[in-house]
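# structure of the sequence below:
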Amino acid sequence: MSRTNKELEGVTLLGDTRVKYPADYDPSILEVFPNKHPENDYLVTFNCPEFTSLCPKTGQPDFARIIINYIPDRLMVESKSLKLYLFSFRNHGDFHEDCVNIIMKDLQRLMRPRYIEVKGIFTPRGGISIYPFANAGDDSHRDMVKARLLAAFDSNN
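So this is what the prediction gives:
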C-alpha cells in the first residue's frame, strides 16, 4: 500500500534540503496529499510547541503551543509544509485569537476536512494567558463542533 508517484505529485517540500524558511505569512506553502482511508473517520493531531507571532500593536514576540486536530476527508496536509507555514507567522503581527482562526480557516480551505480544531496555548504576557480555540465541521460533524467547543471551556480552567 505504498504511495505512488502520482499520489505524491503535490508534495514538493518533503526531502528538499534547499527549502527556504518564509519571511512573511504564506498560506500558499501548504501542500496536500490524498487520504488513502477516506472511508474511515480517524483523528490526525499536530503538536506544534514552538509557534511564534508578533503583537500587532507593539511588535513584541508571542510564543505558543498550537494543537491541530482534524478528521480528514479526501486530502491531508503534509507536515513539512505545515511546519514552514506555521513558521511564516514569525513576523506576522496579529492577535492570538486571529492567528488561531487564520490557521484553522487556511487548513479548512486547503483540505476540506470533515472536522478541524485549532487551539493556541500562548505563553503569558503581562500576567495573562490566552488559549483561543476554533473549530469547524461538515454537516455530519455538527454535533461534534458544538460538543468540542463546550469541552474547550472546561479544559481552559
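# what is the neighbour count of the closest residue to residue 34 other than its chain neighbours?
In space, and not counting its chain neighbours, residue 34 is closest to residue 7: 5.3 Å by CB to CB, 6 or more residues apart in numbering. To be clear about C-beta, it is placed using only N, CA and C from the backbone, and glycine gets the same treatment. By other CB atoms under 10 Å, 12 other residues sit near residue 7.
# residue 35 is in contact with residue 7, correct?
No - checked against CB atoms under 8 Å, the pair residue 7 and residue 35 is beyond contact range at 10.1 Å.
# just to revisit the earlier point, over to the residue nearest to residue 34: give its phi and psi.
phi -70, psi -30 (degrees, to the nearest 10).
# ok, residue 103 next?
Phi and psi for residue 103, reported as degrees, to the nearest 10, are phi -60, psi -50.
# roughly how far does it sit from residue 110?
11 Å (CB to CB, to the nearest Å).
# who has more neighbours, the two?
Applying other CB under 10 Å to residue 103 and residue 110 shows that residue 103 carries more neighbours, namely 23 against 19.
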